[in-house]
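Undergrad: Next input, structure requested:
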Amino acid sequence: MEETFLQSFLKTGLFEIGDSDDRYKHLEQSITDLKELFEGDYSLLPKYTLVALDPNIPDTEAVMQEVEALIIKHWKTLRQLYTWLT
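TA: Below you'll find the predicted structure:
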């Protein structure tokens, strides 16, 4: 079985979701939504990439809020688990 992007990313240890298959499924679904967004408008890629790479980006940044909304659509309890998002 081929390793997915998410599996490779989680192996880096930069983001911990524990051993929950449900959390993994929620993130996979969110990635699919994000991929569809980019496929619909490739001009979004540079801005989203810059936001993803900036460790000092405020949580009020529109792109951060859009991505969070994409994830919360599938993972309703995200904010309860990751309190640093609040």
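
Undergrad: Check which helices and strands the longest helix seen in the chain sits against.
TA: The residue-count maximum for a helix in the chain (DSSP state H) belongs to helix 21-40. Packed against helix 21-40, as judged by 3 or more CB pairs under 8 Å, 6 or more residues apart in numbering; DSSP states H and E, are the following elements: helix 5-11, helix 62-74. C-betas here are computed from N, CA, C, even on glycine.

Undergrad: Okay, buried residues for the helix or strand following that helix please.
TA: Later in the chain than helix 21-40, the nearest helix or strand by DSSP states H and E is helix 45-53. Within helix 45-53, the residues that qualify as buried by neighbour count (16 or more other CB atoms under 10 Å) are residue 48.

Undergrad: again, but for stretch 55-75
TA: Of the residues in stretch 55-75, those buried under the neighbour-count criterion (16+ other CB under 10 Å) are 63-64, 67-68, 70-71, 74-75.

Undergrad: mind putting those in a markdown table, distance to residue 39 included?
TA: As requested, the buried residues of stretch 55-75 are exported to a markdown table (distance: CB to CB, whole Å):
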| residue | distance to residue 39 |
| --- | --- |
| 63 | 17 |
| 64 | 21 |
| 67 | 16 |
| 68 | 20 |
| 70 | 14 |
| 71 | 18 |
| 74 | 18 |
| 75 | 22 |
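
Undergrad: and the residue nearest to residue 24 when sequence neighbours are not counted, backbone torsions?
TA: Distance criterion CB to CB, 6 or more residues apart in numbering; nearest residue to residue 24, sequence neighbours excluded, is residue 17 at 6.4 Å. Dihedral angles of residue 17 (phi, psi; degrees, to the nearest 10) stand at phi -120, psi 10.

Undergrad: Confirm for me that residue 17 is in contact with residue 10.
TA: Yes: the pair residue 17 / residue 10 is scored as a contact, 6.7 Å apart, by CB atoms under 8 Å.

Undergrad: Give me the common contacts of those two.
TA: With contacts defined as CB atoms under 8 Å, 6 or more residues apart in numbering, the residues adjacent to both residue 17 and residue 10 are residue 24.

Undergrad: Give me the mean pLDDT for stretch 32-52.
TA: When the per-residue pLDDT values of stretch 32-52 are averaged, the result is 93.
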